[in-house]
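1. fold the following for me, if possible:
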Amino acid sequence: MKLGVHIGYWGLGLTREDQLAIVREAERLGYDSVWAAEAYGSDAATILGWVAGQTTKIRLGSAIFQMPGRSPAMTAMTAATLDQLSDGRMILGIGSSGPQVAEGWHGQRFGRQIQRTREYVAVVRKALARERLEFHGETLELPLPDGPGKALKLTIAPVQDRIPIYLAAIGPNNTRLAGEIADGWIPFLFSPEHIGEFRPLLEEGARAGGRSLDGFDIAPTVNVFVTDDVDAARAAMRPMLALYVGGMGSRERNFYNQLVQRYGFEDAAREVQDLYLEGKRDEAMAALPDELIDLVSLCGPADHVRERLAVYRDAGVGTLGITPLAWDRDGRLEQLRIIAELAAA
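-> Numbering: from 1, shown residues only. Purely as a prediction, here's the structure:
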C-alpha cells in the first residue's frame, strides 16, 4: 500500500513555504504522491504546476479537477502540460463536484451525471491520445454541428503513454462507473470495513466495461491525527466531518450524508445535518458518534493506527492518501513521519 499526502485547499492556515516543506518532506520519506484539491478558492492545476517545479520524484495528483469548471478538452490540455512539466508524474483525478458548486459557482446544470462523466472521460482520453476530437454523445458534441468548429487534436504529447484517470465517487452508481471507465477510485469518508459493499460495484462496472480490476487503484482520502489523547484526536476530526455530513450540499442532496446513512448511522446523520443547517455547528460536531469518527479516520494512539493501516491494506487499498490534521507546519510534518513509520512496520 503506497502513501499519498493531501495538501488540500490552498491558503487555509498555512503559508506556501509551509506547504512546500510538507511536500518535500513527503517526497523525502518516500510518499508516492501529493494531491491538491479545489472547490471555489484556489485551483488545483496551478498548485500542481508549482509543486512540479520543486520536486523530482513524487507523483502529482488532482483530487479533484472539477468537471463543471473545465471542458474535457481543457482538462486534457492541463493534464498533458502538467505531465510534461513533471516529466511524467501526473495522475488525473476528476469528479463532478456537487450541485451547489456546479450550478452556483460554475453555472453548469447538475444533471445526468453518470452519462456526463462517461462521455467526459471518453473525450479526455481521446484528446490525450492525440486523436482528432470528434465525438457525438448525448451530453457532448464535438465539433458543434452547423458551425465553424473543426476537429482538432492536441498539439503536445504527454510524457506518459497513458495518464491514469481516477474518478472521485461515493454513490453506488458513480462507484460502479469508476470500475467501468477509470484507472482508480478516490472515495472520501471511506470505511474499509464496508469494502464488501464497494468492491462488487467496482467489479460490476469492470465487467460492463469488458475488463478486469487488475491494476485498478483504490485510493481513499483519509484524515489523520496520531496522538495518545483519543478525545483530542477525535476532536480534530469533528469540524471537517461535520461540514461534509451536515453542510456539504442541501438537505435533499448531500451525498456524504447519504453515505454515512448507508454505514448505519441514519439517525446521527440526520441530527448532524439538522444542527449544521440551523447554524449550530458546535452542536453538530458534538453529535458525531465516536464510532463514526473511528470508522472513517485514522486517529488515536500509534498502536491503534498501525492496526487500522493493516485493515486498509487488507481491504485492497492501493494508495492511502492522508490528510494530516495538525494545524501548523511542524505538526503536519510530525504526522507525516509517524504515518510513514507505522505503514512500514
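2. pLDDT wise, what is G179 at?
-> At G179, the model reports a pLDDT of 98.
3. try the one 3 residues further on
-> As predicted, A182 sits at a pLDDT of 98.
4. ok, M248 next?
-> Among the per-residue scores, M248 holds a pLDDT of 88.
5. can you check the one 5 residues further on too?
-> Among the per-residue scores, R253 shows a pLDDT of 83.
6. ok, which stretches of the stretch 1-150 of the chain are helices?
-> Using DSSP state H, counting those that start in this stretch, the helices found in the stretch 1-150 of the chain span residues 16-29, 44-52, 72-85, 99-104, 113-128.
7. pick out the residue closest to the middle of the protein.
-> The centroid of the chain falls nearest to A63 when counting by CA atoms, centre = their mean (4.0 Å).
8. so which residues of the stretch 201-345 of the chain form strands?
-> Remark: strands assigned in the stretch 201-345 of the chain by DSSP state E, counting those that start in this stretch are 217-218, 221-226, 297-300, 319-324.
9. can you give me the angle the second one makes with strand 319-324?
-> The one in question is strand 221-226. 50 degrees (axes from the mean of the first three to the mean of the last three CA atoms, to 10 degrees).
10. which elements pack onto strand 221-226?
-> For strand 221-226, the packing partners by 3 or more CB pairs under 8 Å, 6 or more residues apart in numbering; DSSP states H and E come out as helix 230-242, strand 297-300, helix 302-314, strand 319-324, helix 329-344. To be clear about C-beta, it is placed using only N, CA and C from the backbone, and glycine gets the same treatment.
11. of those, which is nearest L167?
-> Between L167 and these, the shortest gap by CB to CB is with strand 319-324, which sits at 13.7 Å.
12. off-centre distance for that closest one?
-> Mean-position distance between strand 319-324 and its chain equals 10 Å (CA atoms, centre = their mean, to the nearest Å).
13. okay, it in CSV with CA atoms only?
-> The C-alpha trace of strand 319-324 is given here as CSV (Å, rounded to 0.1, in the frame of the first residue of the first chain):
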residue,chain,number,x,y,z
THR,A,319,-2.9,4.3,-2.4
LEU,A,320,-3.8,5.7,1.0
GLY,A,321,-4.0,9.5,0.7
ILE,A,322,-3.6,11.0,4.1
THR,A,323,-4.6,14.5,5.3
PRO,A,324,-2.7,15.3,8.5
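14. partners of that strand in the sheet?
-> Note on strand 319-324: by DSSP bridges, its sheet partners are strand 2-8 (parallel), strand 221-226 (parallel).
15. distance to R132 and mean neighbour count added to these, as JSON lines?
-> Formatted as JSON lines, the strands paired with strand 319-324 follow (distance: least, CB to CB, whole Å; neighbours: other CB atoms under 10 Å):
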{"stretch": "strand 2-8", "distance to R132": "35", "mean neighbour count": "22"}
{"stretch": "strand 221-226", "distance to R132": "36", "mean neighbour count": "23"}
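16. and the residue located most distally from the centre of the chain, its phi and psi?
-> Distance from the C-alpha centroid of the chain peaks at D146, with 38.2 Å (CA atoms, centre = their mean). Main-chain dihedrals, D146, degrees, to the nearest 10: phi 60, psi 40.
17. the residue nearest to the centre of the chain touches I47, doesn't it?
-> No: using CB atoms under 8 Å, A63 makes no contact with I47, being 11.1 Å away.
18. measure the closest residue to A345 other than its chain neighbours to R251 for me?
-> Among residues not flanking A345 along the chain, R306 sits closest, at 6.0 Å (CB to CB, 6 or more residues apart in numbering). Here the distance between R306 and R251 works out to 39 Å (CB to CB, to the nearest Å).
19. of those two, who's got more company?
-> Legend: neighbour count by other CB atoms under 10 Å for R306 and R251, higher for R306 (17 against 12).
20. got the confidence number for the more buried one?
-> 98.
21. got it, and E334?
-> For E334, pLDDT reads 98.
22. wait, it touches L325, no?
-> No: contact criterion CB under 8 Å: E334 and L325 do not qualify, at 11.8 Å.
23. looking at the two, which is more packed in?
-> Shown here are E334 and L325; by other CB under 10 Å, L325 has more neighbours (21 against 16).
24. list phi and psi for the more buried one.
-> Backbone geometry at L325, expressed as degrees, to the nearest 10, gives phi -100, psi 20.
25. and it, what's its pLDDT?
-> Value for L325, per-residue pLDDT: 92.
26. now the one 4 residues further on
-> Turning to R329, the model gives it a pLDDT of 94.
27. what about D32, how many neighbours?
-> Other residues lying near D32 total 21 when counted by other CB under 10 Å.
28. now swap in the one 3 residues further on and tell me
-> Residue neighbour count, defined by other CB under 10 Å, stands at 28 for W35.
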